[in-house]
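1. Build me a model:
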Amino acid sequence: MNDSRGKIVVVGLGPGKREHLTFRAGEALRQADIILGYKRYTNFVRAFLADDGDAGKEILSSGMRHEVERAVRAVELAEQGKSVAVVSSGDAGIYGMAGLIYEVARERGWMSDGIEVVPGVSALNASASLLGAPLVHDFAAISLSDLLTPWDVIASRLVAAAQADFVIVLYNPKSTKRVEQLAEAQRIICRHRAAATPVGIVRNAYRDGQQVILTDLGHMAEHEVDMLTTIIVGNSGTNTFGDVMVTPRGYETKYELTSTCEE
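-> Residues are numbered from 1 along each chain as shown. This next block holds a predicted model:
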């Protein structure tokens, strides 16, 4: 790495409240010379730093679908010797900015040691905790957005996950322009899974306006969802327990769950 070059830290902010921000993420924000991110997320960063008495830090915000420009700008600033933090909601390595930062840096001749990725609480972690314990066994995460991935590829992944009986986490289920994908995903999964399969729908997990719905696969597409919604479709063993959903790991087939330890 060029000694005069700065560093890029890609920071997962979690759901966007201070109590869910990791210690290392907060430290990276404080140490950065410049912070870049989507304006919804930089608003949180401004408030976080202001509470810490660091309201004067340079923060560059941009709108949706300007990810490439943000990544290029971050690399350019680091090449000028700046310490740059690029922020993503949730975990920056799960549908976040981390991959794009590496791609741009590699194109400009960087080595990977100039970049650090700081993990955060992802939407699937946050949503699962609100729904109970749906991800205790194997699961697959699939985004329904066909902006960067062709729908036929997404559909093939849905088929594979449904056939393999994975719990399925659906990201980006619907936008203002994409309104049919969720219903199609429901049809695909229903070919391999009972309509009564528990499904959890979470919008704005641990944020203002949080909504948590427990439904089933047959009624999944009837609920209002958007890009801030995460959907978790249970596997063949997932069941409900009061107002939560639980996917058994298999302990009940190996152990007596009601027995006590011998003296």
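2. Chain neighbours aside, what residue packs nearest to residue 247?
-> residue 238 (4.5 Å; Cβ to Cβ, 6 or more residues apart in numbering). Using the backbone N, CA and C atoms, a C-beta is placed for each residue, glycine as well.
3. Would you confirm that the one you found contacts residue 217?
-> No. In this structure, residue 238 is not within contact of residue 217 by Cβ atoms under 8 Å, at 10.2 Å.
4. on contacts alone, who are the packing partners of the helix or strand hosting residue 9?
-> For residue 9, the element it lies in under DSSP states H and E is strand 7-12. When contacts are defined as 3 or more Cβ pairs under 8 Å, 6 or more residues apart in numbering; DSSP states H and E, strand 7-12 sits against helix 23-31, helix 67-79, strand 83-88, helix 98-107, strand 115-118.
5. for these, which one sits closest to residue 228?
-> For the helices and strands packed on strand 7-12, proximity to residue 228 was assessed by Cβ to Cβ; strand 83-88 is nearest, at 14.4 Å.
6. what does that closest one rub up against?
-> 6-13, 28-29, 31-38, 41-42, 45, 70-71, 74, 77-78, 92, 96-98, 101, 120 (Cβ atoms under 8 Å, 6 or more residues apart in numbering).
7. re the thing from before, highest mean neighbour count across the helices and strands packed on strand 7-12, which stretch is it?
-> Of all those, strand 83-88 carries the top mean neighbour count, a mean of 26, counting by mean count of other Cβ atoms under 10 Å.
8. Just want the angle from that strand to helix 67-79.
-> Relative orientation of strand 83-88 versus helix 67-79 (axes from the mean of the first three to the mean of the last three Cα atoms, to 10 degrees): 160 degrees.
9. taking the mean pLDDT, what do you get for strand 83-88?
-> For strand 83-88, the mean pLDDT works out to 97.
10. got the angle for it vs helix 98-107?
-> 140 degrees.
11. Strand 83-88 pairs with which strands, parallel or anti?
-> strand 7-12 (parallel), strand 34-38 (parallel) (DSSP bridges).
12. Tell me which of those strands is the most buried.
-> Most buried of those, by mean neighbour count (mean count of other Cβ under 10 Å): strand 7-12, with a mean of 27.
13. what's near enough to touch residue 124?
-> By Cβ under 8 Å, 6+ apart, residue 124 lies in contact with 94, 135, 139, 141, 169, 171, 230, 232.
14. sec struct for it, please.
-> Under DSSP: H, G, I helix; E, B strand; the rest coil, residue 124 falls in the helix class.
15. Just the pLDDT for it.
-> 97.
16. ok so, going back, what average pLDDT does the strand holding residue 9 get?
-> Rounded mean pLDDT across strand 7-12 is 97.
17. Report the angle between it and helix 23-31.
-> 130 degrees.
18. What distance do you get for the closest residue to residue 115 other than its chain neighbours to residue 110?
-> Spatially, and ignoring its direct neighbours in sequence, residue 115 is nearest to residue 8 (4.9 Å; Cβ to Cβ, 6+ apart). Here the criterion is Cβ to Cβ, to the nearest Å. By it, residue 8 lies 9 Å from residue 110.
19. And for residue 196, the neighbour number?
-> Around residue 196 there are 12 other residues, counting by other Cβ atoms under 10 Å.
20. quick one: contacts for it?
-> By Cβ under 8 Å, 6+ apart, the residues touching residue 196 are 216, 217, 218.
21. Buried among these? Need that as a selection in PyMOL.
-> The buried subset of those, as determined by 16 or more other Cβ atoms under 10 Å, is captured in PyMOL by this line:
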select buried, resi 216+217
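22. ok, of the contacts of residue 196, which one's closest to residue 59?
-> residue 217 (42.4 Å).
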